[in-house]
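Novice: Show me how the following folds:
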Amino acid sequence: MDTRTRILEAATKLLAESPSGDVSTRAVCEAAGVAAPALYRQFGDKEGLLSAVVDNAFEKYLASKRAAVPSDDPLHDLRDGWDSHVAFAQDNPTYYRLMHSPAVGTPPPAATEAFRILHERLELLAAAGRLKVSTELAGQMIMTANVGVALLTISQPDIYKDQQLSHRVRDAVHAAVLADPRASEDPSTDDQAETSRTAAGLAALLRRSPAESLSAGEATLLQEWLARLSDTR
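Specialist: Alright, predicted model coming up:
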């Protein structure tokens, strides 16, 4: 095992065991069996070390996301993405806690990629007229709830022990952002809800196939207006 790997594994173990979610570089060096200069040569400083540990955790998480083959049903993929997220946390609690540790202030690029994968699934649903809100807001709502469920079920399993809890929260959040494709045919459908669904769908379609008749500035302004209409309660 090379020096960098030894330091990363030592830092991961110590952070997972730390009640405060923090650890000193001296403790990491002692656990890894290296001198302080070796750590600073590899990572620059403590923040660099913590970022590398979290990035390593996200890379492990993203390996399964990248390997997943999209199906013909984006709704199925959305649900599967939630379930695989919680499953990763439960199978890798140490890594997952590090990914969301308060000791790390700057999320790694891999965190952005994880949100991008979710965003791509939501774009397909929006283009099909299946979102009640903008893709951006839907992604934030789903990711916030998904992370919250995962963290609580691994941190406080004695309290959050209902085996169906994750699915209950998943379905509740999805119901808040997903529209019934038959809603437009229902005369009782609220006009504002229909406006939001239509705006979200049009925004996604225009991102996929920009209107040549609009300038870049006009297209940006239109996307801003559509997002505002999508997210109006």
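Novice: Please name the nearest non-neighbouring residue to S196.
Specialist: S230 (5.1 Å; CB to CB, 6 or more residues apart in numbering). Quick note: C-beta positions are derived from backbone N, CA and C, even for glycine.
Novice: Helices of the protein, residue ranges please.
Specialist: With DSSP state H as the definition, the chain shows helices at residue ranges 3-17, 25-32, 36-43, 46-67, 74-91, 93-99, 109-127, 135-155, 165-177, 191-208, 216-230.
Novice: Tell me which of those helices is the most buried.
Specialist: When those are scored by mean count of other CB atoms under 10 Å, the highest mean neighbour count falls to helix 93-99 (a mean of 21).
Novice: Can you list the helices and strands that the lowest-mean-pLDDT helix or strand in the chain packs against?
Specialist: Scoring the helices and strands of the chain by mean pLDDT, DSSP states H and E places helix 93-99 at the bottom, with a mean of 80. Applying 3 or more CB pairs under 8 Å, 6 or more residues apart in numbering; DSSP states H and E, we find helix 93-99 packed against helix 3-17, helix 46-67, helix 135-155.
Novice: so where's this protein shaky on pLDDT?
Specialist: Within the chain, the segments meeting pLDDT under 70 span 20-21, 103-107, 181-189.
Novice: can you rerun that using 80?
Specialist: Counting by pLDDT under 80, the chain shows low-confidence ranges at 1, 16, 18-22, 64, 67-68, 94-95, 98, 101-111, 180-191, 233.
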